[in-house]
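Student: just to be clear, the model below is a prediction. Sequence and coordinates:
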Amino acid sequence: MDVRTEGSGGYRLPEATRPGRVRLRVADPERSLGFYRDVLGMRVARDEGSVLGLAASGEGAELVELRGTPGLAPARQRGRLGLYHFAVLVPTRAELGRVLGRLAGSGFPLGASDHAVSEALYTVDPDGNSVEIYADRPRSTWRYDGGELHMTTVPLDTHALLREAAPDTGALAEGTRIGHMHFYMDDLARADAFYRGGLGMDAMVWSYPGALFLAAGGYHHHVGTNTWAGPGATRTRDDEAGLLDWELLVPSAADADAAAASLRAAGFEASREHGAWVAADPVGNVVRIVAQAD
């Protein structure tokens, strides 16, 4: 089945749409800082004791919020629906090389892939939440096959990346932001009905085995979905580490209202909460639709 043909509501998100802050449930925020601050190079922008807001520097928009809940079990690595990974987009290949150098000596898990449109590193935080750190290749180099964006997963030339690494300042470069979210789903057609038919993204890659990638504005993907968790996978429990919610930033309040109306027209619930529209996808991943002007 070509999921692009199923249930498009007609509404499309604005080109300037992008992901914003990711909120995570963790057992111990101070322990998490050993990864997010000391390895990745994020800085504490907000400290409320059991809740920490992290940014690329001490100022600027937050990338990640860590919300501590003592006694949480680690995120399951198998048989779980929900967060596959969230992805931190760095502004240059040299910055990605710098992050690679820090990760390589950190003792945390490290994977690396070349996706044609981007180069990516993969790791896991102390609670089992998976994180991608990546740099995009120029859009002028992206290739399309019959209207579908060409993406691959092949080994990354890490030696070449390290040769181009920026000097290690210990902090993420200015301009770093959340690039995309990727979720384990139970059914791609249901994922498509929410993210494309309701929320208003476009399908960018639909032939990748077991996966569907969607975006606004022609980006390679703001949301990835897959069925790789396999039959019988269950949702993340409240007593497990994992995703609380993530922000989808749109240019204006009118755009946020339009996205919420499109979700409702497609049969999904969307409610107003603390100035944002809040909705959950078919397996419970919560998105907060936020106007960037707010």
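Tutor: Nice, thanks for sending it over. Residues are numbered from 1 along each chain as shown.
Student: how far off centre is stretch 115-134?
Tutor: 10 Å (C-alpha atoms, centre = their mean, to the nearest Å).
Student: pull it out as PDB, backbone CA atoms only.
Tutor: Extracted in PDB, the C-alpha atoms of stretch 115-134 (Å, rounded to 0.1, in the frame of the first residue of the first chain):
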ATOM      1  CA  HIS A 115      21.700   8.600   5.200                       C
ATOM      2  CA  ALA A 116      22.600  10.400   1.900                       C
ATOM      3  CA  VAL A 117      20.800  13.600   3.000                       C
ATOM      4  CA  SER A 118      22.600  13.700   6.300                       C
ATOM      5  CA  GLU A 119      25.400  12.100   8.400                       C
ATOM      6  CA  ALA A 120      24.400  10.800  11.800                       C
ATOM      7  CA  LEU A 121      25.700   9.600  15.100                       C
ATOM      8  CA  TYR A 122      23.600   7.500  17.500                       C
ATOM      9  CA  THR A 123      23.900   7.100  21.200                       C
ATOM     10  CA  VAL A 124      21.800   6.300  24.300                       C
ATOM     11  CA  ASP A 125      21.500   8.400  27.500                       C
ATOM     12  CA  PRO A 126      21.700   6.900  31.100                       C
ATOM     13  CA  ASP A 127      18.000   6.100  31.100                       C
ATOM     14  CA  GLY A 128      18.000   4.300  27.800                       C
ATOM     15  CA  ASN A 129      16.600   7.200  25.700                       C
ATOM     16  CA  SER A 130      18.100   7.100  22.200                       C
ATOM     17  CA  VAL A 131      19.600  10.200  20.700                       C
ATOM     18  CA  GLU A 132      20.700  11.000  17.200                       C
ATOM     19  CA  ILE A 133      23.100  13.800  16.500                       C
ATOM     20  CA  TYR A 134      23.400  14.800  12.900                       C
END
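Student: mean confidence for that stretch?
Tutor: Summarised as a single mean, pLDDT over stretch 115-134 is 98.
Student: again with stretch 261-274
Tutor: Here the average pLDDT along stretch 261-274 is 97.
Student: what's the helix or strand for the residue nearest the centre of the chain?
Tutor: Nearest to the geometric centre of the chain sits Met181, at 2.2 Å (C-alpha atoms, centre = their mean). When elements are defined using DSSP states H and E, Met181 is found to belong to strand 177-184.
Student: quick check: neighbours of that strand in the sheet, parallel or antiparallel?
Tutor: Its sheet considered, strand 177-184 pairs with strand 80-89 (antiparallel), strand 223-226 (parallel) by DSSP bridges.
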